[in-house]
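Asks: build me a model from this:
(one chain, ligands or ions: 2)
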Amino acid sequence: MSTTQTQQVTPQLRQWIIEQAEAGHGAEAVVKAMLASGWQEDIAVDALESTLRDHLEQKALQQGMPAALPVPEPKLDESPLYLDAGDRQVCVLQNMYNPRVVVFGGLLSDEECEALIEIARPRLARSLTVDTQTGGEEVNADRTSRGMFFRPAENELVSRIESRIARLVNWPEENGEGMQILHYRPGTEYKPHYDYFDPAQPGTPSILQRGGQRVGTLVMYLAEPEKGGGTIFPDVHLEVAPKRGNAVFFTYERPHPSTRTLHGGSPVLAGEKWIATKWLRERRFV
Ligand code: PD2
Ligand code: ZN
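Replies: Ligands and ions are numbered 1, 2, ... in the order given. Now for the predicted structure:
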């Protein structure tokens, strides 16, 4: 076949790809076999990725899992060291695919971190979590920090950071919940949890009316403790250091533990930890 013509991916080819994967052949071997049969590389790779993604999704639905949703995604396909976030170049320190976790360096300047803390400080109260029974808010023993929420675009600083985040992770600014600031003193923590809303809980439908599911979380470190206070992902034994100006970003394409996004703020042992959290929804947050 001439390489200028578009090669058509047939149902037979898709079936063959699934059979290869089920027989335990890795992606590289399958693409190599396709190239040897005359397939163009970009078409072979696309066919492999889309076929296996659709196949896995069908299996997930058959097993009763919630459907996968589109998620925010930084542009990391060519492994750049820096990403252009509009008004700032942000460093990519770590990139993990399962769970989907990216650690950013230098997302915020020291001045921005300090200014967020100073504006938030007089407005702090004991942190609440969403009560999934009712959709309201409650004090939770698993979350001993103090916190406050900014309204979306509440001031110039918050608005600037929200635009930067939207550009960094390619997700509409209007889908973001108001930024939350949390302050942890020694002994306080946020025990491991998922950030998505559990579809089985009775309060979830009313929460979802405000913009659908949460699909991503960005935790930005504003002040670093001397010891402790890392963000942990127990399923994969990952701990992200709470370094000022850095941030950990993770996404969850379905509200299900298979995303391996169980995470927590480990106890602060010395010093004070301040973070800003930005949760991203499927749709415009209202
Ligand atoms: O403070 C943290 O590291 C942390 C851990 C888990 C924050 C959140 N979750 C959150 O704000 O959702
Ligand atoms: Zn969380």
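Asks: phi, psi for Glu111 please.
Replies: Main-chain dihedrals, Glu111, degrees, to the nearest 10: phi -60, psi -40.
Asks: excluding covalently adjacent residues, which one is nearest to Gly264?
Replies: Spatial nearest neighbour of Gly264, chain neighbours left out: Pro192 (3.6 Å); criterion: C-beta to C-beta, 6 or more residues apart in numbering. Backbone N, C-alpha and C define where each C-beta goes, glycine included.
Asks: check contacts around that neighbour.
Replies: 232, 234, 262-264 (C-beta atoms under 8 Å, 6 or more residues apart in numbering).
Asks: so what's the residue count around Ile275?
Replies: Per other C-beta atoms under 10 Å, the neighbour tally for Ile275 reads 26.
Asks: quick one: it is in a strand?
Replies: Yes: when DSSP: H, G, I helix; E, B strand; the rest coil is applied, Ile275 is found to be in a strand.
Asks: show the pLDDT at it.
Replies: Reading off the confidence values, Ile275 has pLDDT 98.
Asks: doesn't Arg244 make contact with it?
Replies: No: contact criterion C-beta atoms under 8 Å: Ile275 and Arg244 do not qualify, at 10.2 Å.
Asks: next, show the common contact partners of the two.
Replies: By C-beta under 8 Å, 6+ apart, Ile275 and Arg244 have these common neighbours: 221-222.
Asks: how about the contacts of Pro192, which pair is most distant?
Replies: Ile232 and Leu262 (9.0 Å; C-beta to C-beta).
Asks: what about Met96, neighbour count?
Replies: By other C-beta under 10 Å, neighbour count at Met96 equals 14.
Asks: that one: what's it in contact with?
Replies: Residues near Met96 by C-beta under 8 Å, 6+ apart: 102, 236, 238.
Asks: report the buried residues of the helix or strand containing it.
Replies: Secondary structure from DSSP states H and E places Met96 in strand 89-97. Using 16 or more other C-beta atoms under 10 Å as the test for burial, strand 89-97 gives 90, 92-93.
Asks: so what pLDDT did Ser2 get?
Replies: Ser2 is given a pLDDT of 47.
Asks: once you drop chain neighbours, what's closest to the residue in the stretch 151-286 of the chain that ligand 1 sits nearest to?
Replies: Of all residues in the stretch 151-286 of the chain, the one sitting closest to ligand 1 is Gly265 (2.9 Å; C-beta to the nearest ligand atom). Distances taken as C-beta to C-beta, 6+ apart put Tyr190 closest to Gly265, at 3.7 Å, once the chain neighbours are dropped.
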